[in-house]
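Visitor: Sequence below, structure please.
(chains A and B)
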Amino acid sequence: MGEVKYSVRKAKIMALLKMAFVYAVLLVPLVPVLMMVAWLFVQSISAGPTMGLIPRGITLKNFRFLWSEIRFGLSKYPTIWPIVMNSLILALGVTAFEVPVAALTGYALSRMEFRGRVALMKLIIALHAFPGVILLIALFYILNRLGLYGKGLLTLIGVALVKAGLGVPMDTWILKGFFDGIPWELEWAAMIDGCSRFQTWRKVLLPIIAPGISAVAIFAFMSGWGEFLIAYTYIKRKEFYPLSVFLYSVIGEFVFVDWGLLAAVALFYILPILLFYALSQRTLLKLQLVGGIKG
Amino acid sequence: MEIRSFLRKLRPRRMPRLGRALPYIYIAPFMAYILITWIAPVAITIYMAFTECRWTVTRMRFIGLENFIRIFTRDIYAVDAIYVTAIYVSSVLVINAFFSLILAIFVTYFVGNETIASAIRLAWLIPRITPAVIYALMWRWFIDPRIGPLNAMLKALGLPAPSDWLLTLPYSRLLMIAVNGYVGASFGMIIYSAAVVSIPKDLFYAAKVDGASDFQICRHIILPLLKWHIFFVTSWQALSLLSSYEHILALWAGAGTARAAGVEVWALYAYSKAFYTSDYGYGAALSVFLVAIGIIFILFFFKVFGFERMMQPSRVEV
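Guide: Residues are numbered from 1 along each chain as shown, chains lettered A, B, ... in the order given. Here you go, the predicted model:
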């Protein structure tokens, strides 16, 4: 009896140790990441730079950039809102350039038969794997040729166009998947009722895949909002910096850094992203699976 | 099947003239995008590599192999870049392809509670979904010698802590690996997790009844079934790592600092040649290697995994 009891206890301890190990591997490497996120919040309401995660005097002063001028070291910005506008233009531009095109092509690939259809799907897969960031030099040439470089607002739109072009294969693929999920009978019925192919697409199919469209649209918006590299490379005039490039330029003036202000602006910048991910974790994991991810 | 043949019959009558052209009208805008952002840039990169193109990107002068001769004979930084890239890709790959496998098996096989498992997966996604600039900012705080917690923790453990993580070798390279490893780990984790979830539970039960330990189940059931996934994630990540430099550029705030810190990878070197020294032709010549590697990798993907494996089954194909 005693023997059995002992071994059960031992097995229990072993199981406990095993789970402890599993959780340690899963969670210990996350500690720095979670600390960084927590710091961003704490620092944004802290009066001085914080080492740990306890604010050094709580203040809302760091958020004064929302209504007054911003001073980072030597550079001064009268107000942040034009920069926010730039980010908004970029994000909306990417969405507007990307989603309708992806929806049209996704539909054609899912529902129509034409020569080159399989080749086009192969091309999409290939482009999805191909790293677009190494083409920035050639894209710079193209932007110059198209007259979209050094033109202020036009350049911003050019950046949105490039970003949309790089993102459109994946979106097309995701939307094709959504179209694939709709039974043919619906189209059949619509066509018997006298819809043309385009009307069927517009009035029957699009409403059904509205969740898919909105997911892709939000994704495109987020990718435009978070975009840094392309904007940083092509936008040289300060008035047209989006938030990402603005923050980067400020971090560059490292010696004078006001951590509190920086954290507050950073938090303000990622707020839409945080909100989105908090609201749609499930969709997010699913979409990441469907589309795969670069990086 | 019947419905499809019915639709096909229906279409020409409905749109006698547009019928055949219609699919092409639908894909026309897409093709325009692809042409402008992918196909033309690949062609231009290759052509530009054979030209001298400085200061003004639109003015190219054909110089044959001159750029390539310069890369192989006179460029000391290119050698450094190859060395750094080799370290970077191989070390981050260990995290992205293998550590992520451990994470995925642990989180799907061992963590029974689905809510906790998704919370952990989501937490691992944070580095990826955080915009590069903010991610860099958070790291800047984390490694700051005065106010950052990293050095404080290292000192508490009695470990050496450099006064400047960004510029002291080998710490700068460790940092480069960690920063990018966190970003990439979630990719493998998601792919592997989905694969582990799709394994029928009966296999595990049967093995358990036969007296297999959890470790043996991982080793003899899960791992063999995930063979292709591991291969896929490894090769896919190898390609994206070879060409990724955004996070290095964001954290080190410029290619000059990155070079001084010993973290200037090949892709970043090409970028900095073009956009910091305005030597676009030379930058393109450096990029051509990555373009070539990319194309080779993609051909390899299609050959090894096959097209069918790489895409979801499509309704029309049935």
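Visitor: contacts and neighbour counts: CA atoms only from here.
Guide: Noted.
Visitor: Test my guess that B:P162 contacts B:T168.
Guide: Yes. The pair B:P162 and B:T168 qualifies as a contact (C-alpha atoms under 8 Å) at a distance of 7.0 Å.
Visitor: Looking at these two, which one has more neighbours?
Guide: Legend: neighbour count by other C-alpha atoms under 10 Å in any protein chain shown for B:P162 and B:T168, higher for B:P162 (17 against 14).
Visitor: low-confidence ranges in chain B?
Guide: Within chain B, the segments meeting pLDDT under 70 span B:1-19, B:307-318.
Visitor: Where do the strands of it begin and end?
Guide: For chain B, strands defined by DSSP state E occupy the ranges B:51-52, B:61-62.
Visitor: and if you look at chain A?
Guide: Defined through DSSP E, the strands belonging to chain A, from first to last, are A:70-72, A:75-77.
Visitor: out of those, which comes closest to B:A270?
Guide: Nearest to B:A270 among these is strand A:75-77; the distance by C-alpha to C-alpha comes to 30.0 Å.
Visitor: what separates the closest one from the chain centre, distance-wise?
Guide: Chain-centre distance of strand A:75-77: 28 Å, with C-alpha atoms, centre = their mean, to the nearest Å.
Visitor: Run through who's touching that strand.
Guide: Contacts made with strand A:75-77 from outside it, assessed by C-alpha atoms under 8 Å, 6 or more residues apart in numbering or on different chains, are listed as A:69-71.
Visitor: Any chance of a PyMOL selection covering the buried ones in those residues?
Guide: If you want just the buried ones from these in PyMOL, going by 16 or more other C-alpha atoms under 10 Å in any protein chain shown, the selection is:
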select buried, chain A and resi 70
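Visitor: picking that back up, need the strands of chain B in a markdown table (columns: mean neighbour count and distance to chain A).
Guide: Rendered in a markdown table, the data for the strands of chain B read as follows (neighbours: other C-alpha atoms under 10 Å in any protein chain shown; distance: least, C-alpha to the nearest C-alpha, whole Å):
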| stretch | mean neighbour count | distance to chain A |
| --- | --- | --- |
| strand B:51-52 | 22 | 13 |
| strand B:61-62 | 14 | 14 |
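Visitor: Turn those into CSV, including distance to B:L122.
Guide: Converted to CSV, the strands of chain B look like this (distance: least, C-alpha to C-alpha, whole Å):
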stretch, distance to B:L122
strand B:51-52, 47
strand B:61-62, 51
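Visitor: Nearest to B:L203 among those strands would be which one?
Guide: Taking C-alpha to C-alpha as the criterion, B:L203 comes closest to strand B:51-52 out of the strands of chain B, the separation being 60.0 Å.
Visitor: helices or strands up against the closest one?
Guide: Identification of packing neighbours for strand B:51-52 by 3 or more C-alpha pairs under 8 Å, 6 or more residues apart in numbering or on different chains; DSSP states H and E yields strand B:61-62, helix B:280-310.
Visitor: again, only this time at 7 Å
Guide: When contacts are defined as 3 or more C-alpha pairs under 7 Å, 6 or more residues apart in numbering or on different chains; DSSP states H and E, strand B:51-52 packs onto strand B:61-62.
Visitor: Which neighbours in the sheet does the strand it packs on have, and how are they oriented?
Guide: Listed by DSSP bridges, the sheet partners of strand B:61-62 and their directions read strand B:51-52 (antiparallel).
Visitor: buried sites along stretch A:160-178?
Guide: Buried positions in stretch A:160-178, judged by neighbour count with 16+ other C-alpha under 10 Å: A:160-178.
Visitor: which parts of chain A sit against chain B?
Guide: Counting by C-alpha under 7 Å from any C-alpha of the partner chain, the positions of chain A adjacent to chain B are A:22, A:26, A:36, A:49-52, A:101, A:104-105, A:108, A:110-112, A:114, A:126, A:129-131, A:134-135, A:137-139, A:141, A:162, A:165-166, A:180, A:188, A:226, A:229, A:244, A:248, A:252, A:266, A:289, A:293-295.
Visitor: Do you have the helices of the stretch 51-200 of chain B handy? List them.
Guide: Taking DSSP state H, counting those that start in this stretch as the test, the helices found in the stretch 51-200 of chain B are B:66-73, B:76-93, B:100-105, B:114-129, B:132-142, B:149-156, B:171-197.
Visitor: most tightly surrounded among those helices?
Guide: helix B:100-105 (a mean of 24; mean count of other C-alpha atoms under 10 Å in any protein chain shown).
Visitor: Which strands and helices lie in contact with it?
Guide: Counting by 3+ C-alpha pairs under 7 Å, 6+ apart, the packing neighbours recorded for helix B:100-105 are helix B:171-197.
Visitor: elements contacting the helix it packs on?
Guide: In terms of contact count using 3+ C-alpha pairs under 7 Å, 6+ apart, helix B:171-197 is assigned the packing partners helix B:76-93, helix B:100-105, helix B:114-129.
Visitor: Report the angle between it and helix B:132-142.
Guide: If you take axes from the mean of the first three to the mean of the last three C-alpha atoms, to 10 degrees, helix B:171-197 sits at 120 degrees to helix B:132-142.
Visitor: quick one: which of the helices and strands packed on helix B:171-197 is nearest A:K203?
Guide: If you check each of the helices and strands packed on helix B:171-197 against A:K203 by C-alpha to C-alpha, helix B:114-129 wins as the nearest, at 34.0 Å.
Visitor: name the helices or strands packed onto that closest one?
Guide: Counting contacts by 3+ C-alpha pairs under 7 Å, 6+ apart, the secondary-structure elements packed against helix B:114-129 are helix B:171-197.
Visitor: Nearest to chain A: which residue in the stretch 101-250 of chain B?
Guide: With C-alpha to the nearest C-alpha as the measure, B:I147 is the residue of the stretch 101-250 of chain B nearest to chain A, at 4.5 Å.
Visitor: and B:F30, how far is that from A:L127?
Guide: Taking C-alpha to C-alpha, to the nearest Å as the measure, B:F30 and A:L127 are separated by 13 Å.
Visitor: no wait, B:V57
Guide: With distances taken as C-alpha to C-alpha, B:V57 is found 25 Å from A:L127.
Visitor: same question, A:L92
Guide: Distance, A:L92 to A:L127, by C-alpha to C-alpha: 23 Å.
Visitor: And B:A195, by the same measure?
Guide: The spacing between B:A195 and A:L127, counted by C-alpha to C-alpha, is 24 Å.
Visitor: Sort out which residues of whichever helix in chain A runs longest are buried, please.
Guide: Looking only at chain A and at elements set by DSSP state H, the helix with the highest residue count is helix A:81-111. For helix A:81-111, a neighbour-count test (16+ other C-alpha under 10 Å) marks A:82-84, A:86-111 as buried.
Visitor: again with stretch A:16-35
Guide: So stretch A:16-35, judged by 16+ other C-alpha under 10 Å, has buried residues A:22-23, A:25-27, A:30, A:32-34.
Visitor: Include distance to B:G211 when you put the residues you listed into JSON lines, please.
Guide: What follows is those, written out as JSON lines (distance: C-alpha to C-alpha, whole Å):
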{"residue": "A:V22", "distance to B:G211": "21"}
{"residue": "A:Y23", "distance to B:G211": "24"}
{"residue": "A:V25", "distance to B:G211": "25"}
{"residue": "A:L26", "distance to B:G211": "26"}
{"residue": "A:L27", "distance to B:G211": "29"}
{"residue": "A:L30", "distance to B:G211": "34"}
{"residue": "A:P32", "distance to B:G211": "39"}
{"residue": "A:V33", "distance to B:G211": "39"}
{"residue": "A:L34", "distance to B:G211": "39"}
